[in-house]
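predicted model and sequence below, questions to follow.
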Amino acid sequence: MFIRQIHYLLALAKTGHFGRAAEISHVSQPALSTAIQHLEEELGITIIKRGRRFQGFTEEGERILQWARILAEDWEGLRQTATQCNQQLTGVLRIGAIPTTLAVTPLLTQPVQSEYPGIAIQLVSHCAEELMRQLDSFELDLGLTYLEDPRLKGFKTLPLYIERHVLLARNPDPGLIKSSLSWRDIAGLPLCLLTQNMQNRRLIDAAFREADVSPNVMLETDSISALYAHVRSAGLYSVAPHSMLIQFETHQDITAIPLTPELSRPVGLIIRRQDLFSPIQDAAWRMAQQLDLQQQFDSLIATGY
């Protein structure tokens, strides 16, 4: 009963509504309300501000909520360990990824599910700050993000590859395919780039500023797929991470050309530092250590110039 009460409490925190919390908990609203009341009686404190509608948590309730998340995570780890002892690792692996790394995630999720078919995966896209917040609050198990972030000191990291930015072009002029194509060389091309609120775009803008030029941006979008489509079908050029090319069907007329100076950043997995990882976290981390993504991505860049 105690574990169910904890999960009811977390459902209420997630939804902010008794009815929706009961719905996702697969119980009636009276049953959920009664279970939380019993938890309050058991602990001897008031957890929820009550009125005609849910009005939030008391100060004491917020503190209890932090422990509830830890207890729920520990319970899930205990359950996974029990199933692992039966050689049937099951459960949900919750992965968060920054938008420009989403194309990479199948290279991690596919090996995990091939080895452990009982594992279901929930994959969401967030900015780096939100990934860290959700890892800290046990809402995610793993994050995939840039590793050059000073805020990652509280996390364990696993480098997976160095992301290299390239110029994407359809049937480029031979003059563009050279060993020292600079940011100044491409500033005048008709470019499509990610929107300015995205971390990847801020890196690209900084590279152009460093070259003391302003890019000729014809289109902005928050979609990697849209960038590729406009290079393929609208005669535009783009600057993008070479790892994103893995998600598209190979077209001989699309060329990824390296830029000088190189704009690169390490990308990898992050996990909340804790004494004991759940079996699912441990399995995914171990399988990620066996990946060789760098060679796979680097092979997509134009050579022979």
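That came in fine, so what should we check first?

give the rounded mean pLDDT of stretch 36-47.
Averaging pLDDT along stretch 36-47 yields 84.

list the buried residues for it?
I36, L39, E40, I47 (16 or more other C-beta atoms under 10 Å). (C-beta placed from N, C-alpha, C; glycine too.)

for stretch 48-57, same thing?
Neighbour-count burial for stretch 48-57 flags I48, F54, F57 (criterion: 16+ other C-beta under 10 Å).

same list, those residues, but as a markdown table with secondary structure and distance to G175 please.
Below are those laid out as a markdown table (DSSP: H, G, I helix; E, B strand; the rest coil; distance: C-beta to C-beta, whole Å):
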| residue | secondary structure | distance to G175 |
| --- | --- | --- |
| I48 | strand | 68 |
| F54 | coil | 64 |
| F57 | strand | 63 |
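
from the residues you listed, which is closest to I186?
Nearest to I186 out of the buried residues of stretch 48-57 is F57 (C-beta to C-beta; 52.6 Å).

mind listing what that closest one touches?
Shown in contact with F57 (C-beta atoms under 8 Å, 6 or more residues apart in numbering): A13, I47, I48, K49, I64, L65.

distance of G16 relative to G56?
8 Å (C-beta to C-beta, to the nearest Å).

which pLDDT value goes with H165?
93.

doesn't it lie inside a strand?
Yes. Assessed by DSSP: H, G, I helix; E, B strand; the rest coil, H165 belongs to a strand.

tell me, how many residues neighbour it?
For H165, the neighbour count with other C-beta atoms under 10 Å is 22.

contacting residues for it?
Shown in contact with H165 (C-beta under 8 Å, 6+ apart): L203, I204, A207, V239, A240, P241, H242, L259, E262, L263, S264.

isn't the last one right next to I162, touching?
Think S264. Yes. If you go by C-beta atoms under 8 Å, S264 and I162 touch, sitting 5.1 Å apart.

pick out whichever of the two has more residues nearby.
I162 (18 against 15).

could I get the CA-only coordinates of whichever strand or helix holds that one as CSV?
For I162, the host element (DSSP states H and E) is strand 155-170. Extracted in CSV, the C-alpha atoms of strand 155-170 (Å, rounded to 0.1, in the frame of the first residue of the first chain):
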residue,chain,number,x,y,z
PHE,A,155,26.6,14.1,-13.4
LYS,A,156,28.5,11.1,-14.6
THR,A,157,29.4,11.4,-18.3
LEU,A,158,30.2,9.0,-21.2
PRO,A,159,31.7,10.5,-24.3
LEU,A,160,30.3,8.9,-27.5
TYR,A,161,31.6,11.0,-30.4
ILE,A,162,32.9,14.4,-31.5
GLU,A,163,30.2,16.3,-33.4
ARG,A,164,31.7,18.1,-36.4
HIS,A,165,29.8,20.8,-38.3
VAL,A,166,29.8,20.6,-42.1
LEU,A,167,28.4,22.5,-45.0
LEU,A,168,25.6,20.6,-46.7
ALA,A,169,25.3,21.2,-50.4
ARG,A,170,23.5,19.6,-53.4
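
quick one: strands adjacent to that strand?
strand 238-241 (antiparallel), strand 254-258 (antiparallel), strand 264-272 (antiparallel) (DSSP bridges).

buried residues, that strand. List them.
Those would be 155, 157, 160-170, for strand 155-170 by 16+ other C-beta under 10 Å.

same check, this time on stretch 203-213
Here stretch 203-213 shows L203, I204, A207, F208, A211, V213 as buried, counting by 16+ other C-beta under 10 Å.

got the residues you listed as a markdown table, with pLDDT and distance to S114 columns?
Putting the buried residues of stretch 203-213 into a markdown table (pLDDT from 0 to 100; distance: C-beta to C-beta, whole Å) gives the following:
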| residue | pLDDT | distance to S114 |
| --- | --- | --- |
| L203 | 91 | 34 |
| I204 | 95 | 36 |
| A207 | 95 | 38 |
| F208 | 96 | 42 |
| A211 | 95 | 44 |
| V213 | 96 | 47 |
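
next step: the residues you listed restricted to helices.
Among the buried residues of stretch 203-213, the ones falling in helices (DSSP state H) are L203, I204, A207, F208.

would you map the helices across the stretch 201-305 of the chain?
With DSSP state H, counting those that start in this stretch as the criterion, the stretch 201-305 of the chain has helices at 224-233, 279-288, 293-298.

need the ones you listed in JSON lines (columns: mean neighbour count, distance to I177 and mean pLDDT).
Shown next, in JSON lines, are these (neighbours: other C-beta atoms under 10 Å; distance: least, C-beta to C-beta, whole Å; pLDDT from 0 to 100):
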{"stretch": "helix 224-233", "mean neighbour count": "18", "distance to I177": "15", "mean pLDDT": "90"}
{"stretch": "helix 279-288", "mean neighbour count": "20", "distance to I177": "34", "mean pLDDT": "91"}
{"stretch": "helix 293-298", "mean neighbour count": "16", "distance to I177": "16", "mean pLDDT": "89"}
